[in-house]
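Asker: Model the structure of this input:
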Amino acid sequence: MNEFDLIDQIKPLLPLNNTVIVGAGDDCAVLAQAAGQDYLLFKTDSVVQGVHFTEEEDLLRVGRKALARCMSDLAAMGGSPQWALVTLGLPEITDVQPICRIYEGMKSLAEKYDLAIVGGETTHCPDRLWISVAMVGRVAKSACILRNGAKPGDAVFVSGELGGSRAGKHLDFEPRLLEAQWLTKRFNIRSMIDVSDGLAGDLRHIMKQSGVGAELHSAAIPISADARRLARSSDTRTPLSSALSDGEDFELLFTVSAKEAVALLDAWKKQFPDLQLKCIGKIIQSPVLRLVTPEGVREIHADGYLHFK
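Answerer: Numbering: from 1, shown residues only. All right, here's what the predicted structure looks like:
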């Protein structure tokens with residue numbers, strides 16, 4: 001059983017009420033407010049020493065990552081962050097400076113996006129450090145993008161480059177908040193997710209929620225220089241397999257009507273000239289994930305990163 005099998009078992013046990021628009025199963029929960037045109041977005045995420053970062057990492061970068069992960073999920077819904085609570089699990093307190101480094105990393109990112117960190121909790125964890133962030137954001141009702149809207153014929157887009165994030169990007173990535181808000185205001189984005197568990201795994205979340213499949217073109221997938229460099233030192237990994245399954249790239253993966261694809265790409269290049277956007281394939285009716293290569297078409301079996309696998 002992996003983490004997503006576990007979630008499927010837990011979901012029927014989660015009580016809901018009439019304020020819940022979307023519960024477990026998307027990037028964020030979507031909640032209705034008593035008044036106003038916006039939905040609230042609610043998200044929690046964690047980073048654990050030995051899983052998401054090593055003991056040697058600069059805790060400033062670790063703190064920034066902990067906050068940015070939640071921001072990336074809000075971006076995938078078209079939202080903007082408003083408030084956060086931070087819980088720390090600490091093995092011991094012998095020097096306050098390393099702990100302050102965590103909050104310094106959070107502070108720099110929070111101020112950039114006008115996010116308020118309004119409290120949290122500290123607790124003793126005997127064997128390792130971990131950080132959990134709960135975040136609330138807002139999104140206009142008309143701009144809230146879910147995973148379930150992809151339709152056959154849609155173009156599949158991804159921002160940035162993929163693979164090799166363990167070389168450093170997983171700590172220093174920029175959540176694509178501004179780009180996602182720009183997209184949702186100007187185009188009819190059908191579905192969207194952030195690439196946290198790998199392109200193949202995260203695209204499958206869209207496929208499952210939308211009841212569709214997808215066909216990707218290997219030549220169009222944007223592979224990072226780090227993925228190519230790390231693959232050269234591996235006997236089993238290729239740059240393409242890294243781009244499909246490494247995870248923690250935190251780029252936007254979304255679908256849009258094929259009729260809008262060219263206009264969207266042209267407008268993006270003008271608005272974000274320093275950030276690549278690629279059309280990497282299309283949504284298909286058959287619920288499979290296929291890859292078109294020079295050697296032919298094959299099914300993709302890579303899942304991306306899975307906890308408990």
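Asker: quick one: residue 171 is in a strand?
Answerer: No - assigned with DSSP: H, G, I helix; E, B strand; the rest coil, residue 171 falls outside any strand and is helix.
Asker: and it, how many neighbours?
Answerer: Close neighbours of residue 171, defined as other C-beta atoms under 10 Å, add up to 21. Any C-beta I mention is one placed from the backbone N, CA and C, and that applies to glycine too.
Asker: Residue 40 too?
Answerer: With neighbours defined by other C-beta under 10 Å, the count for residue 40 comes to 19.
Asker: contacting residues for it?
Answerer: By C-beta atoms under 8 Å, 6 or more residues apart in numbering, residue 40 lies in contact with 30-33, 136-138.
Asker: Out of these, grab the one that's most surrounded.
Answerer: Of the contacts of residue 40, with other C-beta under 10 Å as the count, residue 137 tops at 27 neighbours.
Asker: For it, what are phi and psi?
Answerer: Main-chain torsions, residue 137, degrees, to the nearest 10: phi -130, psi -180.
Asker: So what touches stretch 231-246?
Answerer: 161-166, 198-201, 218, 221-224, 227-228, 230, 300, 302-305.
Asker: what comes up buried for it?
Answerer: Across stretch 231-246, burial judged by 16 or more other C-beta atoms under 10 Å covers 231, 237, 239-246.
Asker: Which single one of those residues is nearest to residue 15?
Answerer: Closest to residue 15 out of those is residue 245 (34.8 Å), distances taken as C-beta to C-beta.
Asker: quick one: pLDDT of that closest one?
Answerer: As summarised for this prediction, residue 245 has a pLDDT of 93.
Asker: how near is it to residue 19?
Answerer: Per C-beta to C-beta, to the nearest Å, residue 245 is found 37 Å from residue 19.
Asker: tell me the contacts of the residue lying closest to residue 58 once chain neighbours are set aside?
Answerer: Leaving out its chain neighbours, the residue that sits closest to residue 58 by C-beta to C-beta, 6 or more residues apart in numbering is residue 101, at 7.0 Å. Counting by C-beta under 8 Å, 6+ apart, residue 101 touches 58-60, 63.
Asker: need the helices for the protein, in chain order.
Answerer: 3-10, 59-76, 96-112, 169-172, 177-186, 199-210, 225-232, 239-245, 258-271 (DSSP state H).
Asker: Tell me how far the residue nearest to the spatial centre of the chain lies from residue 15.
Answerer: Residue closest to the mean C-alpha point of the chain, counted by C-alpha atoms, centre = their mean, is residue 194 at 2.8 Å. With distances taken as C-beta to C-beta, residue 194 is found 27 Å from residue 15.
Asker: One more: residue 111?
Answerer: Applying C-beta to C-beta to residue 111 and residue 15 gives a distance of 36 Å.
Asker: Could you do residue 87 as well?
Answerer: 23 Å.
Asker: Could you do residue 215 as well?
Answerer: For residue 215 relative to residue 15 (C-beta to C-beta), the value is 39 Å.
Asker: Now the residue of the chain positioned farthest from its centre, what are its backbone angles?
Answerer: Using C-alpha atoms, centre = their mean, the residue of the chain lying farthest from its centre is residue 94. It sits 34.4 Å away. For residue 94, the backbone dihedrals (degrees, to the nearest 10) come out as phi -110, psi -20.
Asker: Where does the record place the domain boundaries for this protein?
Answerer: 3-142, 146-299 (automatic domain parsing).
Asker: Comparing those, which comes out most buried?
Answerer: domain 146-299 (a mean of 19; mean count of other C-beta atoms under 10 Å).
Asker: Just the endpoints, please. Distance across that domain?
Answerer: 25 Å (C-alpha to C-alpha, to the nearest Å).
Asker: chain center to it, what's the gap?
Answerer: 11 Å (C-alpha atoms, centre = their mean, to the nearest Å).
Asker: dump the residue contacts of residue 282.
Answerer: Here residue 282 is in contact with 153-156, 214-215, 258 (C-beta under 8 Å, 6+ apart).
Asker: try residue 165
Answerer: By C-beta under 8 Å, 6+ apart, the neighbours of residue 165 are 173, 224, 226, 246-249.
Asker: Which residue ranges of the stretch 1-150 of the chain form strands?
Answerer: Taking DSSP state E, counting those that start in this stretch, the strands of the stretch 1-150 of the chain run over residues 20-22, 29-32, 38-48, 80-90, 116-124, 130-140.
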